[in-house]
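Colleague: Would you be able to build a 3D model of this:
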Amino acid sequence: MNLVIVESPTKAKTITKFLGKEYKIESSFGHIRDLPKSVMGIDTEHDFEPTYIIPEDKEKNLNILKKLAKNAENIILATDEDREGEAIAWHLAEALEIPEEKRSRIAFHEITKSAILEALKHPRKIDMEMVNAQQARRILDRLVGYELSPFLWKKVARGLSAGRVQSVAVRLVVEREREIKAFVVDEYWTIDALLENTNKEPITARLNKIDGKTVDKLEIKTQEDSEKVLETLSKAQYEIANVEKKKAIKNAPKPFTTSTLQQGANRTLGFSAKQTMMLAQKLYEAGHITYMRTDSLNLSEKFLTEAQTYLKTNVGEQYALAQPRVFKTKSKGAQEAHEAIRPTDPNQTPESLKLEEKQQRLYRLIWQRTLASQMPEAIFDATTIDISAKNTPYEFRASGQVMQFDGYLKIYPESSKELDLPKVTVHEILKLNELKPEQHFTKPPARYSDAGLVKKMEEYGIGRPSTYAPTIATIEARNYVARDDNKKLEPTDIAFVVTDLLVNHFHTVIDYRFTAQMEHDLDRISEGKIQWQPVIKDFYNPFHRNLEEKSENLTKDEISPVEESEEICEKCNSKMIVKTGRYGRFLACSNYPTCKNIKGIDKKPGTTASPEVSEKIKEMQEKYKDEKCEKCGEPMAVKTGRFGPFLACTGYPKCKNIKNTGENSSGTGVTCPKCSTGEIVAKKSARGIFYACNKYPDCKNAYYGKPTGEKCPDCEGLLIEWKEGAVKCSTKGCKFKK
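Modeller: Coordinates of the predicted model:
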């Protein structure tokens, strides 16, 4: 009997279908060994030797694997092909005490019969250089986390954590928020001319040049400036100065890497990075897509041939390339032997698979993108018309394009505005119907979405494909960021405090270039070019000395100075002061430790409460002024959390009772079609705003878009607002949109 060990039961189940009875496929359920949780587990005095243990919840499974390994002729370690997979294989070999002559390692990009059988023909030894690179990453992160986190507990607040990659990600979010707060809004104006040609066909053109120079965005700053321009333009004659026609090409997209998949799924499907990777993992383990942690753009020759055949047969000869399109990977450290994320079989269309809805949507995106990468470019006829306001310094421009060949857009639709301009000739005189000035204001940079943060991390070389999603999930779980109403990442109060502390006193840990260089060093370790211990030593020794010095000399007040407040403690009449804790800013009695009274501050972390929220708080304070806690009888007070005002017991921390009044929901005026009695109201969750029946839990009807109140003409389901003002049917499977 040959024992094949993989990480997950789903993967084991899929591989079992491909191999005969002489193979027994079992799962290790992830890592079988790890560093201990209660202690550092790294001997900093002796070459950073790690101590690995078998976690209690792994012992039962380990014993099962040991019995099977004892009776097996050969043990095949078939974990994932990346560094972590290599490390899992090594830990299994060590924990199961498998002799080297009895064990082999196989790796594959996809879980298909042909890929598994091919891998079995080419077994190899465990790649210890890859294992060492993974060990180095784990040890480095453990050293930072286990030494810096207790420092934060002591100097800032208990329960905080720091990490080599997570703290840099938080810094990005904090710095973006400061850019937003520091942004100065500028007013500017645009001027459009509504014209018509001699055939009375309309042309809309925008002011494009003044004195032959392209108009700067902020050229026309005020209404007064625009009125001066309008006065001149209103008296001018408009003449066609130039007409330019050319072919415009829209290039086919590259296949997905881990980073671009997370970005694409976030932008088009609304999935978080974590959600995308969980769904992709399931698709991979079921054999539908290739390995989803990759930074390569390669596609196998077999797939390219199959894709070309599929396109010729099912889409049309004109939609298949004569020669496959090959993409070059630009990211540092990318492994060209790996592949991009693609379907294992192009003939396996999204419609042919029976998948859970979200898996289906992600698979469709991957299938469409990969096939599109092997299709011709989309071709447009582009027209540019320059229009002179005669005897003035002003020139207008109208631009339009009409698709001539859809190319890859046939399979992978992307937004491309079409506008067919009327035919005109040079020197043709146009009639002016209206001059349309419009006021605008510059906008600050947007907060990071998952897609935006992943893109920025990749740009800086922070982390690797396997770390993007876990990093975002970690900083959210540890309350360094929260989701705003648009699901964007907003830093909490404590994020500002910790980031400033690290930037000012532990600059190396949080430096973008250092973090990128460390990733480069880890790549060199995996390639066998350098040893891992010197890399750790060069970082740890100065880091540890600095930490000891800061622990001794840095005070809490230097990190987070005490702020005065006008509040008086209702328990001892002392002044309340503003402090920042793990969950944000709060009021604490200055008479501590004699008096331990604390109170929440009525505002969302990191922001000032809006007038609407402040008004709501006042209303609730009056409405619930006599409310008593049903658990201890103490008065209830109105507090404000991430999702708005709520009631909390004033007996805290002895009594931690809280109560949702349901007043954070705003009505839409739409009657719930499911129960016919409730109203659909807006609600907030960690993922943003959604709409649900206010009769919950009796009625669990919910929508991810705001209902318009109208019914779908095709199926009579509720129509909901979608994206950018579009409307679609809420019924699953109904394709009505408008």
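
Colleague: where exactly do the strands run in the stretch 451-600 of the chain?
Modeller: Taking DSSP state E, counting those that start in this stretch, the strands of the stretch 451-600 of the chain run over residues 481-483, 489-491, 563-568, 575-581, 584-589, 598-600.

Colleague: and what of the stretch 251-400 of the chain?
Modeller: All strands of the stretch 251-400 of the chain, identified by DSSP E, counting those that start in this stretch, fall at 378-389, 394-405.

Colleague: mind giving me TSV with those and columns for mean neighbour count, distance to Gly733 and mean pLDDT?
Modeller: C-beta here means a position set from N, CA and C on the backbone, and glycine is covered the same way. As requested, the strands of the stretch 251-400 of the chain are arranged in TSV below (neighbours: other C-beta atoms under 10 Å; distance: least, C-beta to C-beta, whole Å; pLDDT from 0 to 100):
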stretch	mean neighbour count	distance to Gly733	mean pLDDT
strand 378-389	20	29	97
strand 394-405	18	29	96
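
Colleague: Quick one: closest of these to Ala157.
Modeller: When the strands of the stretch 251-400 of the chain are compared by C-beta to C-beta, strand 378-389 sits nearest Ala157, at 53.9 Å.

Colleague: Now do that closest one: which elements does it pack against?
Modeller: When contacts are defined as 3 or more C-beta pairs under 8 Å, 6 or more residues apart in numbering; DSSP states H and E, strand 378-389 sits against strand 187-196, strand 202-210, strand 238-250, strand 394-405.

Colleague: And the strands of the stretch 451-600 of the chain: which comes nearest Ala87?
Modeller: The closest approach between Ala87 and any of the strands of the stretch 451-600 of the chain, judged by C-beta to C-beta, belongs to strand 481-483 at 28.9 Å.

Colleague: Adjacent strands (with direction) for the closest one?
Modeller: Listed by DSSP bridges, the sheet partners of strand 481-483 and their directions read strand 489-491 (antiparallel).

Colleague: pLDDT averaged over the partner strand, what's the number?
Modeller: Per-residue pLDDT over strand 489-491 has a mean of 94.

Colleague: same question, stretch 581-599
Modeller: Confidence for stretch 581-599, expressed as mean pLDDT, is 85.

Colleague: and this protein, what are its domains?
Modeller: With domains defined by automatic domain parsing, the chain comprises 2-126, 136-183+446-556, 187-251+378-441, 258-372, 563-659, 669-729.

Colleague: Quick check: what element follows the longest helix along the chain along the chain?
Modeller: In the chain, with assignment by DSSP state H, the single longest helix is helix 128-155. Using DSSP states H and E, the helix or strand that follows helix 128-155 towards the C-terminus is helix 166-182.

Colleague: Next, the angle helix 128-155 makes with that following helix.
Modeller: Comparing the axes of helix 166-182 and helix 128-155 via axes from the mean of the first three to the mean of the last three C-alpha atoms, to 10 degrees yields an angle of 60 degrees.

Colleague: buried stuff in helix 166-182?
Modeller: Judged by neighbour count using 16 or more other C-beta atoms under 10 Å, the buried positions of helix 166-182 are Gln166, Ser167, Val168, Ala169, Val170, Arg171, Leu172, Val173, Val174, Arg176, Glu177.

Colleague: can you list contacts of it?
Modeller: Counting contacts by C-beta atoms under 8 Å, 6 or more residues apart in numbering, the residues outside helix 166-182 that touch it are 444-445, 447-448, 453, 456-457, 460, 462-463, 471-472, 474-475, 478, 480-481, 489-491, 495-496, 498-499, 502-503, 509-512, 515, 606.

Colleague: In contact with Tyr468, which residues?
Modeller: Under the criterion of C-beta under 8 Å, 6+ apart, the neighbours of Tyr468 are Thr258, Ser259, Gln262, Ala273, Val454, Met457, Glu458.

Colleague: For those, could you give me TSV that also reports pLDDT and distance to Glu101?
Modeller: Written out in TSV, the entries for the contacts of Tyr468 read as follows (pLDDT from 0 to 100; distance: C-beta to C-beta, whole Å):
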residue	pLDDT	distance to Glu101
Thr258	94	36
Ser259	94	40
Gln262	95	42
Ala273	93	42
Val454	94	43
Met457	93	43
Glu458	91	42
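
Colleague: end to end, how far does stretch 381-395 reach?
Modeller: Distances were taken as C-alpha to C-alpha, to the nearest Å; on that basis the terminal residues of stretch 381-395 are 23 Å apart.

Colleague: before we move on, the earlier item: which of the contacts of Tyr468 has the most neighbours?
Modeller: For the contacts of Tyr468, neighbours were counted using other C-beta atoms under 10 Å, and Gln262 has the most, 30 neighbours in all.

Colleague: I'd say that residue and Met277 touch.
Modeller: Yes - contact criterion C-beta atoms under 8 Å: Gln262 and Met277 qualify, at 7.2 Å.

Colleague: what residues are shared contacts of these two?
Modeller: Residues touching both Gln262 and Met277 comprise Ala469, with contact defined as C-beta under 8 Å, 6+ apart.

Colleague: ok, Leu321 - contacts?
Modeller: Taking C-beta under 8 Å, 6+ apart as the criterion, Leu321 is in contact with Gln308, Gln374, Met375, Pro376.

Colleague: Could you tell me how many residues sit around the third one?
Modeller: Burial of Met375, expressed as a neighbour count using other C-beta under 10 Å, amounts to 25.

Colleague: Which residue, neighbours along the chain excluded, lies closest to it?
Modeller: Of all residues not flanking Met375 in the chain, Tyr408 sits nearest, at 3.8 Å (C-beta to C-beta, 6 or more residues apart in numbering).

Colleague: Let me know the distance separating the one you found from Ser259.
Modeller: 21 Å (C-beta to C-beta, to the nearest Å).

Colleague: Any chance of the buried residues of helix 166-182 in CSV with distance to Glu414 and pLDDT as columns?
Modeller: CSV is the format used below for the buried residues of helix 166-182 (distance: C-beta to C-beta, whole Å; pLDDT from 0 to 100):
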residue, distance to Glu414, pLDDT
Gln166, 33, 93
Ser167, 36, 94
Val168, 32, 95
Ala169, 29, 95
Val170, 33, 96
Arg171, 33, 96
Leu172, 28, 97
Val173, 29, 97
Val174, 33, 96
Arg176, 27, 96
Glu177, 31, 96
